[in-house]
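Colleague: Structure of the sequence below:
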Amino acid sequence: MAARRDGTQDKRPQRQAAPIPSAQEPPLSLERIIATAVELLDAEGIDGLKMRRLADRLGSGAMSLYWHVSNKDEVFDLALDSVLEYRGSPQLSESPDWRQAVVHMLEDWRASMLRHPWSASLLPRRALGPNILARLELLGGILSRAGVDEADLNGAIWSLWNYVMGATITRANFDLSDEDMLAGQQRLAHLSQEYPTIERARLLLDNDWDGVFRKGVDFLLDGLVPRQ
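Modeller: Numbering: from 1, shown residues only. Down below sits the predicted model:
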């Protein structure tokens, strides 16, 4: 116990110094914890992120993590926000081609989540961090300068959010092989009287995910700010 100036003992618990890493392992840091958490989530999904398992990957004790993060929820928040950082040009928001700016940001957002499929299912359940908030601020600013009315801005942002989320989750979980898709389309051919439109469009054979995503963005943007 620490001695007070009056000579009595201070009975409050004293915070100990953070443990010093051994020479064989790099120093434990918040950045290293988050990078390793992202690797663990990529490999094993949301259910695979356990503090002890994370500590094992870092070569440290589980209690050492708590010098840098409060709990597992904070690890989720920080890992999620780290993969959603937008690294586009700062001048993008001032581009005269506002549509291209929006498309670029939304395609980057989708690509980031597809690289880390757990992020799409985790995002609606976590607090919004600075990186995703920065994306939404950038998106709102571009749409506002493009002419979207203030009264419609929230609806526009959430519509694009919902589209990106839905497109990402569908793509990440659509696990049919080319053979499965062909078999499904052939089955539709025998049911063309019941499903004539999607059979004619060969819906189940369309695997141009990127092209379809871009077309969908164009449809939404045309509705928000019609082309002149």
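
Colleague: Quick check: closest non-adjacent residue to residue 39.
Modeller: Distance criterion C-beta to C-beta, 6 or more residues apart in numbering; nearest residue to residue 39, sequence neighbours excluded, is residue 57 at 7.3 Å. All C-beta atoms are positioned from the backbone trio N, CA, C, and that covers glycine.

Colleague: Let me see the backbone angles for that neighbour.
Modeller: Taking degrees, to the nearest 10, you get phi -60, psi -30 for the backbone angles of residue 57.

Colleague: what sits against it?
Modeller: 36, 39-40 (C-beta atoms under 8 Å, 6 or more residues apart in numbering).

Colleague: okay if I get those as a markdown table plus pLDDT, neighbour count and distance to residue 105?
Modeller: Shown next, in a markdown table, are those (pLDDT from 0 to 100; neighbours: other C-beta atoms under 10 Å; distance: C-beta to C-beta, whole Å):
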| residue | pLDDT | neighbour count | distance to residue 105 |
| --- | --- | --- | --- |
| 36 | 96 | 18 | 28 |
| 39 | 96 | 13 | 26 |
| 40 | 96 | 21 | 28 |
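
Colleague: Now do the contacts for residue 214.
Modeller: With C-beta under 8 Å, 6+ apart, residue 214 has these contacts: 103, 107.

Colleague: okay, now the domains of the protein?
Modeller: For the chain, the structural domains run 22-83, 84-174, 176-218, going by automatic domain parsing.

Colleague: mean confidence for the shortest one?
Modeller: The pLDDT scores in domain 176-218 average 83.

Colleague: mind checking pLDDT for the residue nearest to residue 39?
Modeller: 93.

Colleague: Quickly note the distance from residue 83 to residue 189.
Modeller: Separation of residue 83 from residue 189 (C-beta to C-beta, to the nearest Å): 41 Å.

Colleague: which one of the two has more residues nearby?
Modeller: Set side by side, residue 83 and residue 189 show more neighbours around residue 83, with 20 against 11, by other C-beta atoms under 10 Å.

Colleague: surely the more buried one meets residue 115?
Modeller: Yes - counting by C-beta atoms under 8 Å, residue 115 is a contact partner of residue 83 at 7.3 Å.

Colleague: So which of the contacts of residue 57 belong to strands?
Modeller: The strands, defined by DSSP state E, take in nothing from the contacts of residue 57.

Colleague: remind me which residues of the protein are low pLDDT?
Modeller: Scanning the chain for pLDDT under 70 picks out the ranges 1-25, 90, 93, 228.

Colleague: All the helices of it, residue numbers only.
Modeller: Applying DSSP state H to the chain gives helices spanning 30-44, 51-58, 62-65, 72-83, 98-115, 118-122, 130-146, 150-173, 178-189, 196-200, 209-224.

Colleague: Off-centre distance for the last one?
Modeller: Centroid displacement of helix 209-224 relative to its chain, using C-alpha atoms, centre = their mean, to the nearest Å, is 20 Å.

Colleague: that older thread, figure out which of the helices of the chain is closest to residue 91.
Modeller: Checking those against residue 91 by C-beta to C-beta gives helix 98-115 as the closest, at 9.5 Å.

Colleague: ok, and for that closest one, which residues are buried?
Modeller: Within helix 98-115, the residues that count as buried by 16 or more other C-beta atoms under 10 Å are 98-99, 101-106, 108-110, 112-113.

Colleague: Next: stretch 185-203.
Modeller: Those would be 185, 188, 199, for stretch 185-203 by 16+ other C-beta under 10 Å.

Colleague: Of the residues you listed, just say which sits nearest to residue 210.
Modeller: residue 185 (20.4 Å).
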